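Visitor: Take a look and give me a structure for this.
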Amino acid sequence: MKRLLPVLVLSTLTLAGCANTSPYSGNVYSGNQAKSAQSVTIGTITAMRPVQIQADSRAGGLLGSGGGAIIGGLLGNQIGGGSGRQLATAAGAIGGAVAGTKIEESTNMVNATELEIRKNNGEQVVVVQKSDQSFQVGQKVRLIGTGRNVSVAPY
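Guide: Residues are numbered from 1 along each chain as shown. Down below sits the predicted model:
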């Protein structure tokens with residue numbers, strides 16, 4: 001059991017960061033966007049600031065909390081004997097679940113940029129996307145798409 005513990009810890013921590021952050025990039029299109037016409041609007045960046053996106057976990061948070069509970073319970077089970085061991089196992093499982101959830105949440109944070117853009121028609125919009133491109137205030141950009149599905153690209 002003690003040899004299996006390091007493998008469980010590494011596996012859980014590795015899988016906890018498995019959120020797919022690609023959709024937050026302005027350079028990635030989903031399958032239903034490919035080969036379909038997208039609206040293009042021209043605008044100028046008037047303000048920007050760094051933000052973070054909390055990416056959704058593919059496992060719905062179960063890997064972090066479940067894996068943490070298992071590892072915490074296994075660690076707690078190594079302490080004491082009798083009813084003390086049972087209490088340590090329960091406390092370890094609860095503490096592990098909390099710690100695992102926090103680890104999963106922190107690994108699923110994506111650095112992003114909030115771009116405030118004045119369209120050529122005067123309308124102001126804000127688009128948040130993954131920080132994988134360099135932009136600056138005053139830069140002309142293209143807004144590609146409509147509604148909830150807009151990305152910003154250099155002009």
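Visitor: what about the longest strand in the chain?
Guide: strand 40-54 (DSSP state E).
Visitor: neighbouring contacts of that one?
Guide: 21, 24, 105, 108-121, 124-125, 128, 130-131, 135-144, 155 (C-beta atoms under 8 Å, 6 or more residues apart in numbering). Every residue, glycine included, has its C-beta placed from N, CA and C.
Visitor: Likewise for stretch 141-155?
Guide: By C-beta under 8 Å, 6+ apart, stretch 141-155 touches 25-27, 33, 38-45, 115, 117, 119, 125, 127, 129, 133, 135, 139-140.
Visitor: Quick one: buried ones out of these?
Guide: Buried members of the contacts of stretch 141-155, scored by 16 or more other C-beta atoms under 10 Å, are 25-26, 41, 43, 45, 115, 117, 127, 129, 135, 139.
Visitor: what about stretch 145-155, average pLDDT?
Guide: For stretch 145-155, mean pLDDT is 87.
Visitor: Now do the strands in this protein.
Guide: Counting by DSSP E, one finds strands in the chain at the ranges 40-54, 109-119, 124-130, 140-146, 149-154.
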